[in-house]
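Trainee: My questions concern the predicted model and sequence given below.
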Amino acid sequence: MSEVADIGALLCRDGYAHAAAGRMAPLLAQAGMADWDGFAASWNDLGVDTYMTDGGRYRRRRYAAYSV
């Protein structure tokens with residue numbers, strides 16, 4: 001089974017899939033993502049989570065959705 005199929009199977013079964021950077025980088029490169037370093041660096045500048053129920057400003061997050 002291919003890497004993409006393995007990840008797809010996890011998505012279908014669990015609704016999510018965790019894939020380490022070393023596993024995803026080559027898959028994304030094959031799909032046309034050329035700037036892995038820029039993508040990885042974007043996680044160093046997460047915005048404050050403005051949806052915290054208690055009004056806290058201690059959690060930072062970024063949301064992304066990918067389609068395959």
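Mentor: Received the coordinates, thanks.

Trainee: What's the local residue count around Asp45?
Mentor: Neighbour count for Asp45, taken as other CB atoms under 10 Å: 8. C-beta: built from backbone N, CA, C; applies to glycine.

Trainee: Correction: the previous question concerned Ala19.
Mentor: Ala19: 14 neighbours (other CB under 10 Å).

Trainee: How about Met33?
Mentor: Number of residues near Met33 (other CB under 10 Å) recorded here: 13.

Trainee: just checking, what packs against the biggest helix by length in the chain?
Mentor: Assignment by DSSP state H gives helix 3-14 as the longest helix of the chain. Packing partners of helix 3-14 (3 or more CB pairs under 8 Å, 6 or more residues apart in numbering; DSSP states H and E): helix 21-30.

Trainee: For the helix it packs on, buried residues please.
Mentor: For helix 21-30, a neighbour-count test (16 or more other CB atoms under 10 Å) marks Met24, Ala25, Leu28 as buried.

Trainee: May I see the residues you listed arranged in a markdown table, with pLDDT and distance to Leu46 as well?
Mentor: Formatted as a markdown table, the buried residues of helix 21-30 follow (pLDDT from 0 to 100; distance: CB to CB, whole Å):
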| residue | pLDDT | distance to Leu46 |
| --- | --- | --- |
| Met24 | 84 | 18 |
| Ala25 | 83 | 20 |
| Leu28 | 84 | 20 |
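
Trainee: between these, which is nearest Met52?
Mentor: Met24 (28.4 Å; CB to CB).

Trainee: Could you check how far the closest one is from Ala31?
Mentor: Applying CB to CB, to the nearest Å, the value for Met24 to Ala31 is 10 Å.

Trainee: hang on, the earlier thing: quick check: buried residues in the longest helix of the chain?
Mentor: Those would be Ile7, for helix 3-14 by 16+ other CB under 10 Å.

Trainee: The buried residues of helix 21-30 into JSON lines, with extra columns for distance to Trp43?
Mentor: Below are the buried residues of helix 21-30 laid out as JSON lines (distance: CB to CB, whole Å):
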{"residue": "Met24", "distance to Trp43": "13"}
{"residue": "Ala25", "distance to Trp43": "14"}
{"residue": "Leu28", "distance to Trp43": "14"}
